[in-house]
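In: Based on what follows, work out the 3D shape:
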Amino acid sequence: MADVTGSATGDRTGSTGGSTGDGLGDGTGDGPGDGPTGGTPARPDPTGIAATGRIRQPAALIRLLAGLAVIALTLLSADYARATTNGLAEDVGDVAALVPHPLGGVATGLTTAALLLMPGCSAARRLLATGTDRRHVLQQIADGVLAAVLAYGASLLLDLWIDGRAPFTLVSALTRPLPGSPLDHTEPVYGYLAPVLAFLTASAALERRVPWAVLTLSALAGLAAGAATPTALLLGVLIGWTAAHGTRWAVGTPDPRPRPGQLLHSLREAGLRPVSVTPEGPDRYRVRQHGGRPDLDVQLLDRQAVTAALVQRVWRRLRLRTAPHPRALRSLRTGLEHEALVSYAAVAAGVRTRRIAATAELGRDAALVAYERLPGRTLDELADEEITDALLAEAWGQLALLQRRAIAHRALVPSALLVDATGTVHLVGLADGDIAAGELVLRSDIAQLLTTLALRTGAERSVRAAVAVLGPDAVAAALPLLQPIALARTTRIALKQAAGRRTAAAVPTARVPAQRTAPEALTGAPADAAAAAPASAPGPVPDLLDGIRAEVLRGRPQAPVRPVRLERLRPRTLLAVVGGVVAGWLLLPQLFATEQNPIAAVADADPFWLALAVLAAAAGHVAGAMGFVGFVPERLDFRNAVLAQLAGSFVKLVSPGRVGGVALNTRFLQRAGIPTAQALSSVGAGQLIGLVLHLLQLGAFVYLTGAAPGGSELDALPAVVGGLAVAGALLAAVSAVPPARRWLTARLRPLTAEVLPRLLELLRNPGRLAVGFTGQLMVSITLIACLYCCARAVGREPAFASVGVVFLVGNAAGNAAPTPGGAGFVDSALVTLLELVTSMEEGGALAAVALYRLLTFVLPVLPGWAAFTWLQRRGAL
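Out: You can find the predicted model right below:
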């Protein structure tokens, strides 16, 4: 890319400067005397964004979504926490009553007039200011007008909805009565606060104190005069703020990134002598200096670019103990100081890295760091033969210097290793580094560099070079950190690509060698079956991280290899918390909004039917064990199998749907000496047969419900035929689209390659297969019986077939939710279906489902934990 000199030609962001005549201008309008040789440089554009395009800033989208979420939360809180909201409004009203009414009216009138005049005054002041880019200001004013229109429209729609369709509780929380007025109550959204705030925010006019003062006085005057409630004021602020950022994201804003001319001007202000700028990548520039001075590498710290990755970085920070602090949460000045501090500390430690030549802030949204340029190539630009053992030793030597001073790099990816023409290694990219880093982060750097170098040279050379420089103990101490989650994202992607290449390059022989696998070595199983395995199904290719561990353990067999838990917050834990909140939000209003208290109904349950329900719930675990062992040709301890099903009640608390049960059963079979492939096949066979029987039972119960006297209006034959027709149409549509057909084939390949052969093997033992079918059938029957008995226990008499339909549909739909045991979703689905299918009133349906879930989900947790612990101590899990 050509250097940016005096002309605007080829400038990505445009330029207002003229030609320099000597090819060394900076794009800021300098004359022929530009540069250090003479002349007076012209004043640069103060905004730095003249004649630029418009971009959609990720920060605007994040603020838009956050604003919408807070508005929804405010409305929900005002409705559900109406006692608190009304109490606050009454307290504010009592204080406002102390203000004389005439004074309050005058204050309201004056502040309203000032509020309405504020947008016009702000626009006029900015247009008449000297040295202003009027085109840019006019664009911002147009954005402000659009945002104000949207905010006013949103406020008006919300007012109409609250007055016409919202619950009375919400109306009373947002408004206050106005006796003696033609209006019954105050406005749910206060006056013109939302559109004025939207205009000022979208037009970037809130940077001065006067607009904030006028907005604050207007809000206080409205409260003092009794014209608004605190919640109405909050909604006005939120709607205006959200509309402004929604407008900014929808239409875009002028690109705030500085032009090359502004970069050069800032570098001159810092005492340097730049003459031209060459963009080299996103937010990276090469700057040439006058008089033979070394070139500069300028890194632009763009807040908008950093904010684009804010969600990902914040999530990683919350999730991992070793994640760096998100740069978007620092101010630009703090970011500059941090990067400079780490760089100076690295230089003081003797590390070869780029030296900082200057730092500067470029307005509110950008800053720059200028480094002395280091010519060279990064590790990923080197050929394999250029990566010598001496170069590897150089890289580890630089890391050793950082480790001695407890400086963490945090990003030892190939682009952080710069190799000059003499083969000397320099460490760059210290922006996310830390000084006085903890032991865990320092060991994580070793694990990262081990993986980065092993991806290019192999595990053996990488480990050998590390041991030679750091010593075997230091390298062995990093093994617990050698896990994908502790590595950089680019490294994880490279590991997956390398694994794919190794798998594709693996050439299968005629037969797999007769060797014992790890599970067989532990259980003593024979290797004959593995020896006879066909060559078309090769085993997994060893992972690169496993190769690194093996090389380290070769020199230090006693080294710890158990991975350190780096996760503070696991995704499944977050899902469980969110699901629990949603479940509580769905269920609690139902519990207290019905005429009949379901808790009292459960307390007064019929003892006879309650005992039958307890027996049915307990029988479900025995049936589950039958359905489990029946699809395993190998002999299993039935008592332990029953305990494993009971332990599944405990595992449900930390896993969504049926995922925990599948993992638990697979682990149980592995500990029983069954290889992993056969264990997965047996569990998959049981799940497949269970699904088929589930659908058959559903069809049977639908038919019985429609045929029963006085049953629900369920026409069995059209429902079953319609369901089959829809399934067939979907299958035909998927088969007709090649990508969808390939996706379906890939998902069904384990079924045809593993599950069906396992079922064919079971045909040799029809008695065991019959036990499996009976168990899978009885699992649903016992749970249906439990729900039926719970309904009878609370005084309801639904048809058994109707309860069967309710359970089979509701349980399947609820278990698809990502919450532990389908909490919240199973309950809501069962309650809704009981009301629809059995015509049971809401209070009775809630009572029956609450009792059912108490017996099948809550109470088995403690016995399940005891069974889980007992099986673990005896090596069965």
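
In: ok, the residue lying closest to Gly376 once chain neighbours are set aside - contacts?
Out: Nearest residue to Gly376, sequence neighbours excluded (C-beta to C-beta, 6 or more residues apart in numbering): Asp420, at 4.0 Å. Every residue, glycine included, has its C-beta placed from N, CA and C. If you count contacts by C-beta atoms under 8 Å, 6 or more residues apart in numbering, Asp420 has them with Leu374, Pro375, Gly376, His426.

In: distance of the residue lying closest to Ala478 once chain neighbours are set aside from Ala395?
Out: Leaving aside its chain neighbours, Ala478 sits nearest to Ile446 (3.9 Å; criterion: C-beta to C-beta, 6+ apart). Distance, Ile446 to Ala395, using C-beta to C-beta, to the nearest Å: 12 Å.

In: One more: Ala486?
Out: Ala486 is 19 Å from Ala395, by C-beta to C-beta.

In: And for Ser266?
Out: 34 Å.

In: wouldn't Leu401 be in contact with Ala349 here?
Out: Yes: counting by C-beta atoms under 8 Å, Leu401 does reach Ala349; the two are 5.0 Å apart.

In: Comparing those two, which residue is more hemmed in?
Out: Ala349 (18 against 15; other C-beta atoms under 10 Å).

In: so the more buried one touches Ile407, yeah?
Out: Yes: using C-beta under 8 Å, Ala349 is in contact with Ile407, at 6.2 Å.

In: residues touching Gly93, list them.
Out: Arg176, Gly226.

In: That one belongs to a helix, doesn't it?
Out: Yes: looking at Gly93 with DSSP: H, G, I helix; E, B strand; the rest coil, it is inside a helix.

In: so how far is Gly120 from it?
Out: 33 Å.

In: Over to Arg764?
Out: 89 Å.

In: Mind listing residues that contact stretch 152-170?
Out: Contacts for stretch 152-170 (C-beta under 8 Å, 6+ apart): 75, 78-79, 82, 171, 174-175, 187-189, 192, 194-195, 235-236, 239, 243.

In: Just these: which are in helices?
Out: Under the assignment DSSP state H, those contribute Leu75, Ala78, Asp79, Arg82, Val171, Leu174, Ala194, Pro195, Leu235, Gly236, Ile239, Ala243 to helices.

In: among those residues, which two are most distant?
Out: Across the ones in helices among the contacts of stretch 152-170, no pair lies farther apart than Arg82 and Pro195, at 27.7 Å, counting by C-beta to C-beta.

In: Can you pull the poorly scored residue ranges out of the stretch 1-150 of the chain?
Out: Within the stretch 1-150 of the chain, the segments meeting pLDDT under 70 span 1-53, 82, 104, 130-133.

In: For it, which segments are assigned as strands?
Out: 54-55 (DSSP state E, counting those that start in this stretch).

In: Spell out, range by range, the helices that occur in it.
Out: Residue ranges of the helices in the stretch 1-150 of the chain, as given by DSSP state H, counting those that start in this stretch, are 58-80, 82-96, 101-128, 134-164.

In: Export those to TSV and append columns for distance to Ser828.
Out: Listed next are these as TSV, based on distance: least, C-beta to C-beta, whole Å:
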stretch	distance to Ser828
helix 58-80	17
helix 82-96	23
helix 101-128	46
helix 134-164	26
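
In: of those, which approaches Val737 most closely?
Out: helix 58-80 (32.4 Å).

In: Looking only at that closest one, what residues are buried by neighbour count?
Out: Residues of helix 58-80 classed as buried: 58-64, 67, 70-71, 74-75, 78-80 (neighbour count, 16 or more other C-beta atoms under 10 Å).

In: ditto for stretch 84-94
Out: Thr85, Asn86, Ala89, Val92.

In: Setting aside sequence neighbours, what's the nearest residue to the third one?
Out: On the basis of C-beta to C-beta, 6+ apart, the spatially nearest residue to Ala89 that is not a chain neighbour turns out to be Thr229, at 4.5 Å.

In: just Arg373 next, same as before
Out: Asp295 (4.1 Å).

In: Equivalent analysis for Leu235, please.
Out: Val189 (5.0 Å).

In: count of neighbours near that neighbour?
Out: For Val189, the neighbour count with other C-beta under 10 Å is 29.

In: Then Leu115?
Out: 23.

In: Leu197 is in contact with that one, correct?
Out: No: the pair Leu115 / Leu197 is not scored as a contact, 9.4 Å apart, by C-beta under 8 Å.

In: Pull up the overlap in contacts between those two.
Out: With C-beta under 8 Å, 6+ apart as the test, Leu115 and Leu197 both reach Leu215.

In: Do a quick rundown of the helices in the stretch 151-300 of the chain.
Out: So, for the stretch 151-300 of the chain - with DSSP H, counting those that start in this stretch - the helices run 168-174, 193-202, 209-224, 230-251, 260-269.

In: can you give me the angle the fourth one makes with helix 58-80?
Out: So the one you mean is helix 230-251. Interaxial angle of helix 230-251 relative to helix 58-80 (axes from the mean of the first three to the mean of the last three C-alpha atoms, to 10 degrees): 150 degrees.

In: swap in the last one?
Out: For the pair helix 260-269 and helix 58-80, the angle between their directions (the same axes, to 10 degrees) equals 100 degrees.

In: if you count what's nearby, which of Arg82 and Pro195 comes out ahead?
Out: Pro195 (29 against 17).

In: For the more buried one, give me its contacts.
Out: Contact partners of Pro195, counting by C-beta under 8 Å, 6+ apart, are Ala147, Ala148, Val149, Ala151, Tyr152, Ser155, Gly240.

In: for Ala647, same thing?
Out: Ala647 neighbours (C-beta under 8 Å, 6+ apart): Leu664, Gly864, Trp865, Ala867, Phe868, Leu871, Leu877.

In: gap between the closest residue to it other than its chain neighbours and Val683?
Out: The shortest distance from Ala647 to any non-neighbouring residue, by C-beta to C-beta, 6+ apart, is to Phe868 (3.9 Å). Applying C-beta to C-beta, the value for Phe868 to Val683 is 18 Å.

In: Kindly report the same for Ala148.
Out: From Ala148 to Val683 the distance is 61 Å (C-beta to C-beta).

In: neighbour count winner among the two?
Out: Taking other C-beta under 10 Å, Ala148 and Val683 do not tie; Ala148 has more neighbours (26 against 23).

In: Next, find the distance separating the more buried one from Leu200.
Out: Distance from Ala148 to Leu200, by C-beta to C-beta: 9 Å.

In: intersection of neighbour lists for those two?
Out: Pro119.
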